[in-house]
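Asker: next come a sequence and a model predicted from it.
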Amino acid sequence: MKETAISIENLHVSYYGNEAVTGVSLSVNCGNLVGIIGPNGAGKSTFLKAMLNLIPKDKGEVKVLGRSIKEVRKKIAYVPQRNDIDWDFPITVLDAVLLGTYPHMKLFRRPKKKDKQWALECLGRVGMEEFSKRQIGELSGGQQQRVFLARALAQKAELFFLDEPFVGVDVSSEETIVNILKELCQQGKTVIVVHHDLSKANDYFDQLILLNKELISFGAVEEVFKTDVIEKAYKGQFAIMKKMGVTV
């Protein structure tokens, strides 16, 4: 029987005074690649950030590996949306990835040669080792996202949370990222991804969390990714999406 990676009980979150997430309860087992999908304004990113204690909860409980977020913070890697990152910050690609090694260092310790070598290995895994001396702002969107995935890999985490990682990236980078996420899950890691493109959901994920402020459905992709279920979340938007070629 697989260990429970994340357990959420009656989660409520408000955003600027408006309730954004209402009464969500679910449990995710280790080793799954889980997509969080739903229409614009459904509370997907808010839900992810609340799980990680990055924004306050109104009420509810979140356990990761059976413990509080604070207790297992070092086992969690988070890749934020690209628009949440200051790409003008004067840091090189290698130094950005090295930040992923810091949670496992003792206070005031600086990275050693082995840490830099590990960071370069992580960059190599995402195909970005040759860019190690570049400033992160000089990279394309896909390259930047690969670098932040490398930073997450450098952390040697057990759980990976990614917020809209495929927005503004090229096809090659998206394919690289998806393959790495699938490899992580094969190694027993757990990956949670906020995702907006329904056309890819069936290929990318093991399970789906379908939100529209409240939990519409959660389970295996084939259980959630059905027309009648998707329509409950997307409502009038879904008819427009079908005209645009989105199939369920």
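Answerer: All right, it came through fine.
Asker: what about Glu214, how many neighbours?
Answerer: Counted with other C-beta atoms under 10 Å, residues neighbouring Glu214 total 14. No exception for glycine: its C-beta is placed from N, CA and C like everyone else's.
Asker: how about it: what's its closest non-neighbour residue?
Answerer: Ranked by C-beta to C-beta, 6 or more residues apart in numbering and with sequence neighbours excluded, the top spatial neighbour of Glu214 is Thr22, at 4.6 Å.
Asker: ok so that neighbour is a strand residue?
Answerer: Yes: assessed with DSSP: H, G, I helix; E, B strand; the rest coil, Thr22 lies in a strand.
Asker: quick one: it and Lys213 touch, right?
Answerer: Yes: if you go by C-beta atoms under 8 Å, Thr22 and Lys213 touch, sitting 5.4 Å apart.
Asker: which of those two has more neighbours?
Answerer: Neighbours were counted for Thr22 and for Lys213 using other C-beta under 10 Å; Lys213 has more, 21 against 17.
Asker: and the pLDDT at the more buried one?
Answerer: For Lys213, the pLDDT comes out at 94.
Asker: likewise for the one 4 residues further on?
Answerer: The confidence metric pLDDT takes the value 97 at Ser217.
Asker: so which strand or helix has it?
Answerer: strand 214-220 (DSSP states H and E).
Asker: can you list the strands that the helix or strand hosting Ser14 pairs with?
Answerer: According to DSSP H and E, Ser14 maps onto strand 4-15. Sheet pairing of strand 4-15 (DSSP bridges) gives strand 18-29 (antiparallel), strand 59-64 (antiparallel).
Asker: and the ones you listed: which comes nearest Trp87?
Answerer: Proximity to Trp87 (C-beta to C-beta) singles out strand 18-29 among the strands paired with strand 4-15, at 26.8 Å.
Asker: which residues does the nearest residue to Leu99 once chain neighbours are set aside contact?
Answerer: Nearest residue to Leu99, sequence neighbours excluded (C-beta to C-beta, 6+ apart): Arg151, at 5.9 Å. By C-beta atoms under 8 Å, 6 or more residues apart in numbering, Arg151 lies in contact with Ala77, Val79, Ala96, Val97, Leu99, Gly100, Cys122.
Asker: strands - which of the residues you listed land there?
Answerer: Among the contacts of Arg151, the ones falling in strands (DSSP state E) are Ala77, Val79.
Asker: one step back: of the strands paired with strand 4-15, which is nearest Ile192?
Answerer: That would be, of these and by C-beta to C-beta, strand 18-29, which comes in at 7.3 Å.
Asker: buried set for the longest helix seen in the chain?
Answerer: Identified as the longest helix of the chain according to DSSP state H is helix 171-186. Using 16 or more other C-beta atoms under 10 Å as the burial criterion, the residues of helix 171-186 that qualify are Ser173, Glu174, Thr176, Ile177, Val178, Ile180, Leu181, Leu184, Cys185.
Asker: stretch 2-22 too?
Answerer: For stretch 2-22, burial by neighbour count (16+ other C-beta under 10 Å) applies to Ala5, Ile6, Ile8, Leu11, His12, Val13, Ser14, Ala20, Val21, Thr22.
Asker: just to revisit the earlier point, can you list the strands that the strand holding Ser217 pairs with?
Answerer: strand 207-212 (antiparallel).
Asker: what does the strand it pairs with contact?
Answerer: Residues contacting strand 207-212 (C-beta under 8 Å, 6+ apart): 21, 24, 26, 28, 32-39, 42-44, 47, 201, 215-221, 224-225, 229-230, 232-234.
Asker: helix or strand right after the longest helix of the chain?
Answerer: strand 190-194.
Asker: model confidence over that following strand, on average?
Answerer: For strand 190-194, the per-residue pLDDT averages 98.
Asker: continuing past it, what's the next helix or strand?
Answerer: With secondary structure assigned by DSSP H and E, strand 190-194 is succeeded by helix 198-204.
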